[in-house]
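> could you work out the structure for the sequence below:
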Amino acid sequence: MSSRHHDGVPRLTWNTRLLHVGCAFTYRAEVPTPTVFLVRALRTADIRVSRENLEITPDVQMRHHLDVCGNRRSRVVLPAGLSTVHYGAWVDVPDRTEDVDETAVETLPDDLPDDVLPYTLPSRYCVSDVLGDEAWSRFGAHPPGYGRVAEICRQVHESLRFGYGTSTALSTAADVNATGFGVCRDFAHLAISFCRALNIPARYVFGYLPDLDVRPGDAPMDFAAWMEVWLGDRWWTFDPRNNEPRKGRVVIGRGRDAADVAMVTTFGGPVLESMVVQAEEDFAPPRR
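Predicted structure coming up:
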């Protein structure tokens, strides 16, 4: 829970954990290249960013703005040659997993808020129209509500095998459903597609996800993708990739699918030479 002080800023009143999150990209460009980065943590009622820094070497002008979904984008022109983009932040997160309510109900399309309705429609990667028949055959008879979404996540989790390089930037939910392989964004795209085919609003989310109170993964830390589903009168977090409650989710972006919230969008062809992602607990508060 949270409360507000006289200045109107939310104050966290539950136990929290301090995370250090961030990333670094190294690019080599032949010519100056306009680029948009989406890597900064979103501030919410239960996520407090105590300090953050986004810098580029060599130093270039940077412009920040909020997109139509409220995501924090940063625009730059990468210079010709080698350049490094580094982001780091310290974030207080609740020491608890995401909310669960097995009694949460589905909302009829006519009763959905106007800004939620678009998340029932097909999109670039979430081809709910293509997967409609399969969604209804697999999940149509399941009792509507939170439990049906949880069953979708369970089946997606069990039917797809995770593996880097098993899908491409062009792979849709139908593609990975056919092959049985994908990365975390593919798990989210497939579950979102099944939800939308059943007229359940679902949106794509990506961010930082540390290994808090779970066994660390074998692969290097990477960005994570999950989904949020509208049930009752709010969005609920579901994670078909991990399919277990997790602590420490730090949202970077939300959209219809990964096309809406690409971490890097380049208007040209720079070569990505390296990428490092960090998301871990930090027991030493940052110096101001």
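> ok, now which ones touch Cys153?
Going by CB atoms under 8 Å, 6 or more residues apart in numbering, Cys153 touches 191, 238-240, 243. (Each C-beta comes from the backbone N, C-alpha and C, glycine too.)
> ok, and the most crowded of those?
Most neighbours among the contacts of Cys153, by other CB atoms under 10 Å: Ala191, with 30 neighbours.
> let me have the contacts of Cys153 in a markdown table, extended by pLDDT and secondary structure.
As requested, the contacts of Cys153 are arranged in a markdown table below (pLDDT from 0 to 100; DSSP: H, G, I helix; E, B strand; the rest coil):
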| residue | pLDDT | secondary structure |
| --- | --- | --- |
| Ala191 | 98 | helix |
| Phe238 | 98 | strand |
| Asp239 | 98 | coil |
| Pro240 | 98 | coil |
| Asn243 | 95 | coil |
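> could those go into CSV alongside distance to Ala29?
Shown next, in CSV, are those (distance: CB to CB, whole Å):
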residue, distance to Ala29
Ala191, 36
Phe238, 38
Asp239, 35
Pro240, 36
Asn243, 39
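> pLDDT weak spots in this structure?
1-14, 284-288 (pLDDT under 70).
> and the helices in it?
Using DSSP state H, the helices of the chain run over residues 132-139, 146-159, 173-179, 184-197.
> which one of the ones you listed is the most hemmed in?
helix 184-197 (a mean of 28; mean count of other CB atoms under 10 Å).
> next, the angle from that helix to helix 146-159.
140 degrees (axes from the mean of the first three to the mean of the last three CA atoms, to 10 degrees).
> quick one: list the elements packing against helix 184-197.
helix 132-139, helix 146-159, helix 173-179, strand 202-208, strand 224-231 (3 or more CB pairs under 8 Å, 6 or more residues apart in numbering; DSSP states H and E).
> next, the angle helix 146-159 makes with the last one.
Comparing the axes of strand 224-231 and helix 146-159 via the same axes, to 10 degrees yields an angle of 150 degrees.
> for strand 224-231, list the C-alpha coordinates in PDB.
C-alpha atoms of strand 224-231 as PDB (Å, rounded to 0.1, in the frame of the first residue of the first chain):
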ATOM      1  CA  ALA A 224      12.200  -9.500 -20.000                       C
ATOM      2  CA  ALA A 225       8.700  -9.500 -21.600                       C
ATOM      3  CA  TRP A 226       5.400 -10.400 -20.000                       C
ATOM      4  CA  MET A 227       1.800  -9.200 -20.400                       C
ATOM      5  CA  GLU A 228      -1.000  -7.300 -18.600                       C
ATOM      6  CA  VAL A 229      -4.600  -8.400 -19.000                       C
ATOM      7  CA  TRP A 230      -7.700  -6.400 -18.200                       C
ATOM      8  CA  LEU A 231     -10.100  -8.200 -15.800                       C
END
